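Peer 1: I'd like to go over a predicted model; first the sequence, then the structure.
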Protein chains: 2
Amino acid sequence: MVVANTGDDFEHLGLHISPDIDTLTYALAGVQNHETGWGRCDETWSFMATLGELGGETWFKLGDRDLALHVERTRRLRAGAKISTITSDISRSFGISSRIVPMTDDRVRTRVITADGTLDFQRYFVEARCLPKVTGFVFDGAARAQAHSEVIAMLQNPDLRAVIICPSNPYVSIDPMLALTDLRAALACCAAPVIVVSPIIGGRAIKGPTAKIMNELGHPVDVLTVAAHYHAVMDGFVIDTADAHMAAKLELPVVVRPILMRNISDREELANATLEFADRLAATQTLRRLQV
Amino acid sequence: MVVANTGDDFEHLGLHISPDIDTLTYALAGVQNHETGWGRCDETWSFMATLGELGGETWFKLGDRDLALHVERTRRLRAGAKISTITSDISRSFGISSRIVPMTDDRVRTRVITADGTLDFQRYFVEARCLPKVTGFVFDGAARAQAHSEVIAMLQNPDLRAVIICPSNPYVSIDPMLALTDLRAALACCAAPVIVVSPIIGGRAIKGPTAKIMNELGHPVDVLTVAAHYHAVMDGFVIDTADAHMAAKLELPVVVRPILMRNISDREELANATLEFADRLAATQTLRRLQV
């Protein structure tokens, strides 16, 4: 099961857009655009070009193929379907075997508090290209939102092998999920080990504004900051060999190995190593929550 | 001023689609698709192909460029703009100098009564390919709808040179306009001559289901049927040389000349001949409404 952040969902051009769900869907379907890092391969841009000619908003790039997904999802949402059902159906039509589950069917919206004011996430991330200085984040709706029942059931499942917090942006991609009260509680009670794979390698983020945000929030850009951020929920930490010298300062079980994923075999090796680490932690009963 | 039928507008995939306005817009902008007879030139079809892969509805073909217009219009309609304002803005962005005015800003929907039941117009026209046998038409909302104020003002303008009812389908493209009470009344009181250009040439329609519908309604497919249909509103009739033998049976002023338009010079010559005809009628004061 892959749990997707929906905090950066937004309404644009009358369409409901779910960037994180779509990136997961395209990646797992093998149709992601490797050049841009977002959107689809084999894409065409006639829609966007014409919208520009009509004087429409073009700051958020929507390819013609990508658009089909947004139009179909929006149509079904308006007809009363849940985002989780739609995600599941789209995933099936792409032949994806993993189950992608949005963190919640309720509305949660990430807003970024910056020196230029509070911005909707995509306005900050895409339109303003992450340039405004960040001072904090708000997850509108998170306090009232219910985590998806399948996510809670999975966290409560005694057969669950591990929870892996992927090397994603802790502030804007993972925190919206941890802001869901019931999800955070279920994670705290979860019997399986919770493993974080570091989004920071050698003092740098692989992509996106993670390092810039850490800086602006006044934190050192290193694995210690990541560990401190996830302290309350994590059992084990996978860091890169470039950060091996910091392993001693981390007061929790650590695996040190290459974590930069450039191809599918890098991905498989990291996934296997992370699962083996989780299995070792589970076997030795050193889970943080059992120590508390 | 070009007055556009909006009776065949419909909601599809969550988008507001106005086929007649769009065909006028694309034709006047010189970007119509001459091969298909609908849609745009230089079109791509990535959206439609992907929508099909997602299991979406593909019976109504929407090209990627065409889609930009529907998305932008729908966004603005939802934000409270009028279809006439949007049409005008889109027209301007295409560099069109004619003023395209939707017959009304209110909702009117053409429904086709057939042997297979009553169908929404596009379901009949596109999905069922005009195959069901027609027994009549309903223009939902027409009784309550107000014609666009600029259309009424133009019909009341003493300087108006002529009203030309183009060689369009009388039942589905022109009747929705005549079903608007105030538009029909303004047309009846209009000081300028009202000229009909025949949609029937030598017992056949140039395109579309006009002839098939006439047959199914039990009318001969000829210019006499067209004249009878428009009897109450027309002052003059332009028919093709192929129908010259019927001119004597038409009890109103007639111009006989080639009316099949294959290229821009055909169009210009027919337009000029029609305007000259209107001028002659105006000068000789033989307008139907002045005789009554």
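Peer 2: That came through, no problem. Everything numeric in this text was worked out from a predicted model, so none of it was measured.
Peer 1: who's in contact with the residue of the stretch 101-250 of chain A found nearest chain B?
Peer 2: Nearest residue of the stretch 101-250 of chain A to chain B: A:Q122, at 15.9 Å (CB to the nearest CB). (Glycine included, C-beta is placed from N, CA and C.) For A:Q122, the contact set (CB atoms under 8 Å, 6 or more residues apart in numbering or on different chains) comprises A:8, A:10, A:12, A:17, A:19, A:60.
Peer 1: so it, which state does it fall into?
Peer 2: Judged by DSSP: H, G, I helix; E, B strand; the rest coil, the three-state class of A:Q122 is helix.
Peer 1: per-residue pLDDT of it, please?
Peer 2: Here the pLDDT value assigned to A:Q122 is 94.
Peer 1: and what of A:W38?
Peer 2: Looking at A:W38, its pLDDT stands at 88.
Peer 1: over to A:V233?
Peer 2: pLDDT for A:V233: 93.
Peer 1: before we move on, what about the one 10 residues further on?
Peer 2: Looking at A:D243, its pLDDT is 97.
Peer 1: what is the neighbour count of it?
Peer 2: A:D243: 22 surrounding residues under other CB atoms under 10 Å in any protein chain shown.
Peer 1: before we move on, what about A:D42?
Peer 2: A:D42 has 11 nearby residues by other CB under 10 Å.
Peer 1: is it in contact with A:D64, as I believe?
Peer 2: No. Contact between A:D42 and A:D64 fails when scored by CB atoms under 8 Å: they sit 10.0 Å apart.
Peer 1: pull up the overlap in contacts between the two.
Peer 2: With CB under 8 Å, 6+ apart, A:D42 and A:D64 have common neighbours B:S46.
Peer 1: any idea how far the residue nearest the centre of chain A lies from B:R109?
Peer 2: Nearest to the geometric centre of chain A sits A:S173, at 3.9 Å (CA atoms, centre = their mean). Using CB to CB, to the nearest Å, A:S173 is found at 45 Å from B:R109.
Peer 1: quick one, longest helix in chain A?
Peer 2: Counting by DSSP state H, the longest helix found in chain A is helix A:264-284.
Peer 1: and it, what's buried?
Peer 2: A:270, A:273-274, A:277-278, A:281-282 (16 or more other CB atoms under 10 Å in any protein chain shown).
Peer 1: and of those, the nearest to chain B?
Peer 2: Checking these against chain B by CB to the nearest CB gives A:L270 as the nearest, at 30.8 Å.
Peer 1: give me the domain ranges for chain A.
Peer 2: Per automatic domain parsing, the domain ranges recorded for chain A read A:2-101, A:146-291.
Peer 1: TSV for those, including distance to chain B?
Peer 2: TSV is the format used below for the domains of chain A (distance: least, CB to the nearest CB, whole Å):
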stretch	distance to chain B
domain A:2-101	4
domain A:146-291	22
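Peer 1: out of these, which is the most enclosed?
Peer 2: Comparing the domains of chain A by mean neighbour count (mean count of other CB atoms under 10 Å in any protein chain shown), domain A:2-101 ranks first with a mean of 19.
Peer 1: run the chain-centre distance for that domain.
Peer 2: The chain centre lies 15 Å from the centre of domain A:2-101; the measure is CA atoms, centre = their mean, to the nearest Å.
Peer 1: doesn't A:I165 make contact with A:S198?
Peer 2: No. Applying CB under 8 Å, one finds A:S198 not in contact with A:I165, separated by 9.8 Å.
Peer 1: residues contacting stretch A:170-189, please?
Peer 2: In contact with stretch A:170-189 (CB under 8 Å, 6+ apart) are residues A:3, A:5-8, A:20, A:103-104, A:108, A:110, A:112, A:121, A:125, A:134, A:137, A:139, A:142-143, A:145-147, A:151-152, A:155-156, A:163, A:165, A:168, A:194, A:199, A:209-210, A:213, A:217, A:226, A:229-230, A:232-233, A:289.
Peer 1: average pLDDT for that stretch?
Peer 2: In this model, stretch A:170-189 has an average pLDDT of 96.
Peer 1: end to end, how far does it reach?
Peer 2: Length of stretch A:170-189, first residue to last, CA to CA, to the nearest Å: 21 Å.
Peer 1: same question, stretch A:167-175
Peer 2: One end of stretch A:167-175 to the other measures 13 Å (CA to CA).
Peer 1: quick one, grab the pLDDT at A:V138.
Peer 2: Model confidence at A:V138 (pLDDT) stands at 98.
Peer 1: just checking: what are the partner strands of the helix or strand where it lies?
Peer 2: Assigned by DSSP states H and E, A:V138 belongs to strand A:134-140. If you go by DSSP bridges, strand A:134-140 pairs up with strand A:109-114 (antiparallel).
Peer 1: how about the partner strand as CSV, C-alpha atoms only?
Peer 2: What follows is strand A:109-114, C-alpha atoms only, in CSV (Å, rounded to 0.1, in the frame of the first residue of the first chain):
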residue,chain,number,x,y,z
ARG,A,109,-4.9,21.9,1.9
THR,A,110,-1.2,22.8,2.6
ARG,A,111,-0.6,26.5,2.9
VAL,A,112,2.9,27.9,3.1
ILE,A,113,3.6,30.8,5.5
THR,A,114,6.3,33.0,3.8
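Peer 1: how far off centre is that strand?
Peer 2: Taking CA atoms, centre = their mean, the mean C-alpha location of strand A:109-114 is offset from the chain mean by 16 Å.
Peer 1: pLDDT (mean, whole number) over it?
Peer 2: For strand A:109-114, mean pLDDT rounds to 97.
Peer 1: pLDDT of stretch A:80-93, averaged?
Peer 2: For stretch A:80-93, mean pLDDT is 97.
Peer 1: quick one: secondary structure of the residue nearest to the centre of chain A?
Peer 2: helix.
Peer 1: what pLDDT does the model give A:Q285?
Peer 2: If you check A:Q285, the pLDDT there is 62.
Peer 1: where does the prediction get shaky in the stretch 151-292 of chain A?
Peer 2: In the predicted model, the stretch 151-292 of chain A carries pLDDT under 70 at residues A:285-292.
Peer 1: where exactly do the strands run in it?
Peer 2: Ranges of strands within the stretch 151-292 of chain A are A:163-165, A:194-197, A:200-201, A:204-205, A:236-239, A:254-256, based on DSSP state E, counting those that start in this stretch.
Peer 1: nearest to B:V254 among these would be which one?
Peer 2: strand A:204-205 (78.9 Å; CB to CB).
Peer 1: what about the closest residue to A:I195 other than its chain neighbours, distance to A:A205?
Peer 2: Closest residue to A:I195 apart from its sequence neighbours, by CB to CB, 6 or more residues apart in numbering or on different chains: A:G236 at 4.6 Å. Per CB to CB, A:G236 is found 21 Å from A:A205.
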